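[1] give me coordinates for this.
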Amino acid sequence: MRCLTARQQAVFVLIAKGFRNREIAGHLGLSERTIKGYVSALLLVFEATNRTELVGLLSGGGGDLGFSSVRAVDRREKGRYGRTVR
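    Numbers count the residues shown, from 1 in each chain. As a prediction, the model looks like this:
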């Protein structure tokens, strides 16, 4: 079972809703470059080749965003320079 942080889950949900990186960045108050990093990490972890495949893998192919094979990690993430990111 793979673990996603709360921030990774938030990025994934917005990807699944069809948001572009710029829109996700604005919605979450992060830079577009940071979002690109999250998207790239999600693609690598789940061995997906594109966003569509990623959504299919994480939603179980049924379109329900239930994260059936993924559990959340309740922890704060450390950003660049050791600052805590919520």
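[2] all helices for this protein, in order.
    In chain order, the chain shows helices spanning 6-16, 21-28, 32-45, 51-58, with DSSP state H as the criterion.
[3] list the buried residues of the third one.
    Just to be clear, that refers to helix 32-45. Of the residues in helix 32-45, those buried under the neighbour-count criterion (16 or more other C-beta atoms under 10 Å) are Thr34, Ile35, Tyr38, Val39, Leu42. Placement of C-beta: from N, CA and C, glycine included.
[4] please apply the same query to stretch 17-31.
    Phe19, Asn21, Ile24, Ala25, Leu28, Leu30.
[5] show me what contacts Met42?
    To be clear, residue 42 is Leu; Met isn't right here. Shown here is Leu42, whose contacts under the criterion C-beta atoms under 8 Å, 6 or more residues apart in numbering are Gln8, Val11, Phe12, Ile15, Ala48, Leu54.
[6] that's all I had, so thanks and see you.
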